[in-house]
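Chemist: kindly return the folded structure for what I paste below:
(chains A and B)
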Amino acid sequence: MKKLYILTLAVTIAAMVSSCYKDKGNYSYATSEVITITGIAPSYDKISKQDKITLTPTVSSSSPNASFEYFWGIYETNVQGSVPKIDTIAKTLNLDYFITQSAKAWVLVFGAKNKTTGLQQLVTSTINVITPFTRGWYVLKDDGTSTDLDLFLTPTSIVPSSQINNVFSLINGKKLNGKAQFLSFDNTYKSMVTGVLGNTKALFVTSDKDASVIDINSLLEIRDFNSLFYTPPSIKAPTFVGPGSQADFFINAGQLYSIYSMSSNVGQFAARQLKDALNTDYYLSKYFINFTLANPIFFDENSSSFVSAGGAGTVLNSVSDATGTAMKANNNNKTLLYMGIKTTTPTGVALFQDKTNTSLKILTAITANTAAFNMVNDTLLNTSKLYSATLVTTNLVDENFIYFVVGNQVWSRNLSNKFEQLQYTAPAGETITYLRHKKYTAEATYAYNYIAIGTKSGTGYTVRMFTKTSGNLAATPDITMNGTGSVGDIIYMSPSVGSNTYLPTY
Amino acid sequence: MKTTKYFMVALLLLTWAACKKEDYKMFTDVARIQFGPDVTRIYQTSYNLADTTKDFTFVYNAPTNKQDTVWFDIYAIGGVSTKDRIFKLQQVADTTGALNAVPGVDYKAFTDASVNSKYVIKAGERNTLVPIVLLRSATLKTATVTLIIKVAANDDFQLGETTNIWRKVTSTDRLSKPAAWTSTINIYFGTYSVVKHQFMIDVTGKKWDQTFLSGVLSDFTQLIYYTNVCKTALINYNNAHPGNPLRDETGALVVFP
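Modeler: This next block holds a predicted model:
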């Protein structure tokens, strides 16, 4: 027993001795080194195979006796299916590099490493590699039987300095059949334009009898109407093609087609989505509430019902009423005269006409929750200007207004107090054919917020872009664009525009 | 004290003796033979039991075509040899009630002179493809035959792993479920039936065979496209035949989920 005590004591003492360790910490309270790099802007616009990027950054360190080594690298963004690799393009302080990359956004990386301390500082900058086609206002127009694009170039500001007429046919040797309809943009459209399947900055161009998707870098057609589908519909009557939630959607002759963009695809639309398990006939209105973060809302004109859709779906989704909604979402016996997105909640505005009592028109505020679809109705007096509107558009996100056309005048209606106000009267001899709110905030130097009014006079069109204050249009337009034909749609393109830059709407 | 010294020396010697570089593990077994997955998959354990069964149909072949070949990968275990090594195949009866293939009628016997020379691992090689030549017998128009193949020990090879010493082929001259009609395909097109298969061929113009099914999953939108084409066609067929919807060979309703 005594031995056991001694052994226990010895082990305990050994453990205690080993636990006594003098802390010889190597703490340093010196200020950490800071490497400062200046002379590199956040972004540059460069034309491929024409421009150089020449930079002379200044590098300094808070540590004395710093000695630097440098590297410059470049890698592409918006890559899908592969990991982008940095291509080292220089190992000098100054950069003088000839841009040969394809037109898209690239990231330039500059690294400065203090060889003495090993500390490295990185700075990145976006290089928007552009072509003559990647920046400017595109006007979709028609001459009554065929559709083309005019491009208004904006090299230094949002106000065009020159224009290229009929640029679609100039590049592709053909026009689209039919009247100008809609423009939308998708920067993740899958194509083989680079030789390998990848994301492509693509502009969807639609007329009422044709459609095309073109590479915005070259304006070359990627696919025509027929090749946009695995099996092209027998009737060509597009009303909308564009990106939505996890998909591109295509409404043709009232039928919905989709490309599920969250999985491998080749840029072709699948078969027509069914209405239900009985393949009940449906005909979707051209109007929709759609953007990239929520399933779209459509209106079936046959049944007077709202429906939704998923990009991976084969059957349209039904919509359920919210408690207290002023009008049923399904079988409501209405004709949809207009609908547009208002906010990304998403909410929208619709103008209905009763199918039985055609004198009944209702302006409706929509909360587009497919599980709780809510409508707040405002029955229009037949004396109101909106009652006789021929064109309507929403004021996107901004003031709680809509704008509409009566005769050759543009009016506004304050949705909060129903106040209607004359905003613009077209010059004598001009007919208003186009009205849309256009807003762009992606680039500070090109940002704009306009109400675009398109008119036709004889064989020519005029587009006037008005700024607004508290919803009211300025007396004179900021921008005026002229061309031949009649305007169907307008879109502003730049290297910074992506699929979700704009809220597509009529 | 002396005892302690001897003890310490002994302990030291033991410790020293314990430190010895271990020899590399060398394969000392006899050469063995077994089936395996495609050579590109042999280091992927999830494919260890791939290709155990292959279903074949002559239905897509021209009427004049009377034989076709199904291939399996086979591997020699235990390194290469300087001489050609013959492996032996034998048919094993399926006792589950399936109709067993008849050598010389439904397939070329493994002893047939036109094929037995192919059952060889060449010198310097460790794997080869095993041809199983299927014959288009009259039986196949109305039935599906099963051929279970097993490797047999011979002078050159002993048997490999039990799980990989056999392969199975089903052969018919009717539509049959392709091996690529997996549970993933079931999600989009439902359970297989011959009637459904024929319906899909009729409405899409595609064979829906092994090659087509293997490719259809590569493009999800294309998959959705075919799903909807089949679904729409079935709805239209059933609408056109009120009270008489499309049923399969077992009497069950044909359904696309």
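Chemist: and chain A, split by domain according to the record?
Modeler: As given by automatic domain parsing, the domain ranges for chain A are A:35-129, A:131-493.
Chemist: shaky segments in the chain?
Modeler: Going with chain A. A:1-26, A:80-82 (pLDDT under 70).
Chemist: should've been chain B
Modeler: B:1-4, B:15-25.
Chemist: near chain A, which residues of it?
Modeler: Within chain B, the positions near chain A by CB under 8 Å from any CB of the partner chain are B:218-222, B:224-229, B:231-232, B:235-236, B:239. C-beta here means a position set from N, CA and C on the backbone, and glycine is covered the same way.
Chemist: which of the residues you listed fall in helices?
Modeler: B:220-222, B:224-229, B:231-232, B:235-236, B:239 (DSSP state H).
Chemist: just the buried residues from these, in ChimeraX please.
Modeler: Those of these that count as buried under 16 or more other CB atoms under 10 Å in any protein chain shown are selected in ChimeraX with:
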select /B:220,221,222,224,225,226,227,228,229,231,232,235
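Chemist: export the ones in helices among the residues of chain B next to chain A to JSON lines and tack on distance to residue A:427?
Modeler: Putting those into JSON lines (distance: CB to CB, whole Å) gives the following:
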{"residue": "B:220", "distance to residue A:427": "52"}
{"residue": "B:221", "distance to residue A:427": "48"}
{"residue": "B:222", "distance to residue A:427": "52"}
{"residue": "B:224", "distance to residue A:427": "50"}
{"residue": "B:225", "distance to residue A:427": "50"}
{"residue": "B:226", "distance to residue A:427": "55"}
{"residue": "B:227", "distance to residue A:427": "54"}
{"residue": "B:228", "distance to residue A:427": "50"}
{"residue": "B:229", "distance to residue A:427": "53"}
{"residue": "B:231", "distance to residue A:427": "55"}
{"residue": "B:232", "distance to residue A:427": "52"}
{"residue": "B:235", "distance to residue A:427": "55"}
{"residue": "B:236", "distance to residue A:427": "54"}
{"residue": "B:239", "distance to residue A:427": "56"}
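Chemist: on that earlier part again, nearest to residue B:169, of the domains of chain A?
Modeler: domain A:131-493 (32.2 Å; CB to CB).
Chemist: got the end-to-end distance for that closest one?
Modeler: 11 Å (CA to CA, to the nearest Å).
Chemist: distance between it and the chain's centre?
Modeler: 12 Å (CA atoms, centre = their mean, to the nearest Å).
Chemist: ok, residue A:121 - contacts?
Modeler: If a contact means CB atoms under 8 Å, 6 or more residues apart in numbering or on different chains, then residue A:121 has A:35, A:36, A:37, A:59, A:111, A:112, A:113 as its contacts.
Chemist: okay, now the residue in the stretch 301-450 of chain A positioned nearest to chain B: neighbour count?
Modeler: Residue of the stretch 301-450 of chain A nearest chain B, by CB to the nearest CB: residue A:314 (4.5 Å). The number of residues packed near residue A:314 is 23, by other CB atoms under 10 Å in any protein chain shown.
Chemist: where do the helices sit along the chain?
Modeler: In the absence of a named chain, chain A is used. Using DSSP H, helices in chain A cover A:2-19, A:167-172.
Chemist: not what I meant, chain B
Modeler: So, for chain B - with DSSP H - the helices run B:2-18, B:113-116, B:183-189, B:194-204, B:210-216, B:220-240.
Chemist: ramachandran angles for residue B:181?
Modeler: Dihedral pair for residue B:181: phi -80, psi 80, per degrees, to the nearest 10.
Chemist: not counting sequence-adjacent ones, nearest residue to it?
Modeler: residue B:192 (5.1 Å; CB to CB, 6 or more residues apart in numbering or on different chains).
Chemist: same check on residue A:114?
Modeler: Residue A:114's closest residue in space is residue A:66 (CB to CB, 6+ apart), at 4.7 Å.
Chemist: related to what we said a few turns ago, among the domains of chain A, which is the most enclosed?
Modeler: domain A:131-493 (a mean of 19; mean count of other CB atoms under 10 Å in any protein chain shown).
Chemist: pull the longest strand from chain B.
Modeler: Counting residues, the longest strand found in chain B (DSSP state E) is strand B:67-77.
Chemist: tell me the gap between it and the middle of its chain.
Modeler: 9 Å.
Chemist: what pairs with that strand, parallel or antiparallel?
Modeler: strand B:32-36 (antiparallel), strand B:127-135 (antiparallel) (DSSP bridges).
Chemist: touching, residue A:298 and residue A:256? I think so.
Modeler: Yes. With contact defined as CB atoms under 8 Å, residue A:298 reaches residue A:256; the gap is 6.8 Å.
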